[in-house]
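**Q** Whatever this is, show me its structure:
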Amino acid sequence: MNPFEAHGLNHLSASQINLFIAEPALWVAQYLYGVKSSFGFAAKRGISVERGIEHGLFNPDAPIQDCVDIAVNDFKFKNAFLDDPKKDKELDGIPGMVEIALEELRKYGIPEKAEGHQHKIVVDVEGLEVPILGYLDFYFPSHGIIVDLKTTLRLMPGIRAAHARQGAIYSRAHGDNVDMRFAYVTPKKQGVYSMDTDAVRTSWNEVQNVAVRIRNFLSVSKNKDDLASIVVPNYDSFYWNDPAVRQAGRDIFGF
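**A** Predicted structure coming up:
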């Protein structure tokens, strides 16, 4: 039995790889013990904004306000029973994000439709028993462009390392002829950054190295408790902000 199968894992993903880098203890809690983290308002806002942008891209004649309404109503519906000042802050940013993103992304034309909301990709890594799975936000095959949407309240000056690893996986799935871009969108402005060949190569090398290290980690023992005894949770990290997840961590790690 390979180490992934021994621990019930049938694939890796960019989010898994990035979490293993940033907070290995939470990776253990989530992927070996099944601890579920709730989505914060920022993540929910991102999903709702994407719904509005999708509508505007697949329906290029749709009024911007209709796209904004779809995003706003989606966010309100998903958070109707949650009372938190953070919710209103995220909600206020949605209209501007949808408008600004569509102003930029409609220049690319209509993206290729996929089953569901996103394109599924599968990438094999040499020496690894499981593939890396991912889902593309928007793919424009006529231009050879993949765009991944990132909503934020503060504009990034460039592509974050974690996002670059995600982009390298997407690029690897489609070959060297694809232009991998990240569209960072705030309520007031946007920045679209493209990964050049060197950036893709460097980030893909990181992905492969971390994936092998995950395999090596899992190979230490078939017993998840043994693996939990190796890592240390950092409860000061925002990754542990959810009280239920933090308590689950204390139950798993004993402190």
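**Q** Now do Val215 against Ala168, distance only.
**A** For the record, residue 215 is Arg, not Val. Distance, Arg215 to Ala168, using C-beta to C-beta, to the nearest Å: 18 Å. Glycine gets a C-beta too; all of them are placed from N, C-alpha and C.
**Q** Neighbour count for these two, which is higher?
**A** Just comparing Arg215 and Ala168: by other C-beta atoms under 10 Å the higher neighbour count belongs to Ala168, 24 against 19.
**Q** what residues are up against the more buried one?
**A** 180, 195, 199-204, 206-207 (C-beta atoms under 8 Å, 6 or more residues apart in numbering).
**Q** Report the buried residues of the helix or strand harbouring Asp226.
**A** Applying DSSP states H and E as the criterion places Asp226 in helix 224-228. The neighbour-count check on helix 224-228 (16 or more other C-beta atoms under 10 Å) flags 224, 227-228 as buried.
**Q** ok, which stretches of the protein are strands?
**A** In the chain, the strands defined using DSSP state E lie at 12-13, 119-123, 132-136, 138-140, 145-151, 179-185, 190-194.
**Q** how about low-confidence regions in the chain?
**A** Within the chain, the stretches with pLDDT under 70 are 116-117.
**Q** For Gly254, find the nearest of the strands of the chain.
**A** Among the strands of the chain, the nearest to Gly254 by C-beta to C-beta is strand 12-13 (27.5 Å).
**Q** hmm, back to that, among the strands of the chain, which is nearest Phe77?
**A** Across the strands of the chain, Phe77 has its closest neighbour in strand 145-151 (17.9 Å, C-beta to C-beta).
**Q** Run through who's touching the longest helix seen in the chain.
**A** The residue-count maximum for a helix in the chain (DSSP state H) belongs to helix 197-219. Defining contact as C-beta under 8 Å, 6+ apart, one finds that helix 197-219 is touched by 3-4, 6-7, 9, 12, 14, 16-17, 20-21, 24, 125-129, 132, 159, 161, 164-165, 167-169, 171-172, 176, 180, 195, 227, 230.
**Q** just the angle between that helix and strand 119-123, please?
**A** If you take axes from the mean of the first three to the mean of the last three C-alpha atoms, to 10 degrees, helix 197-219 sits at 70 degrees to strand 119-123.
**Q** Okay, angle between helix 197-219 and strand 132-136 too, please.
**A** Using the same axes, to 10 degrees: helix 197-219 against strand 132-136 is 140 degrees.
**Q** show me where the protein has helices.
**A** Under DSSP H, the chain gives helices at 3-6, 14-22, 24-31, 41-58, 64-78, 85-105, 161-174, 197-219, 224-228, 243-253.
**Q** so which of those helices gets nearest Pro141?
**A** Closest to Pro141 of the helices of the chain is helix 161-174 (C-beta to C-beta; 8.9 Å).
**Q** buried set for the closest one?
**A** Residues of helix 161-174 classed as buried: 162-174 (neighbour count, 16+ other C-beta under 10 Å).
**Q** Off-centre distance for it?
**A** Here helix 161-174 is found 11 Å from its chain centre; the criterion is C-alpha atoms, centre = their mean, to the nearest Å.
**Q** so that helix versus strand 119-123, what angle?
**A** 90 degrees.
**Q** what's Ala25 in contact with, if anything?
**A** Applying C-beta under 8 Å, 6+ apart, the residues near Ala25 are 228, 231-234, 249, 253.
**Q** Dump those to a markdown table, plus distance to Val147.
**A** Formatted as a markdown table, these follow (distance: C-beta to C-beta, whole Å):
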| residue | distance to Val147 |
| --- | --- |
| Ala228 | 38 |
| Val231 | 35 |
| Val232 | 38 |
| Pro233 | 35 |
| Asn234 | 33 |
| Gly249 | 35 |
| Phe253 | 39 |
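**Q** ok, the nearest residue to Pro24 once chain neighbours are set aside to Asp225 distance?
**A** Nearest non-adjacent residue to Pro24, counting by C-beta to C-beta, 6 or more residues apart in numbering: Val231, 4.6 Å away. Between Val231 and Asp225 the distance is 12 Å, computed by C-beta to C-beta.
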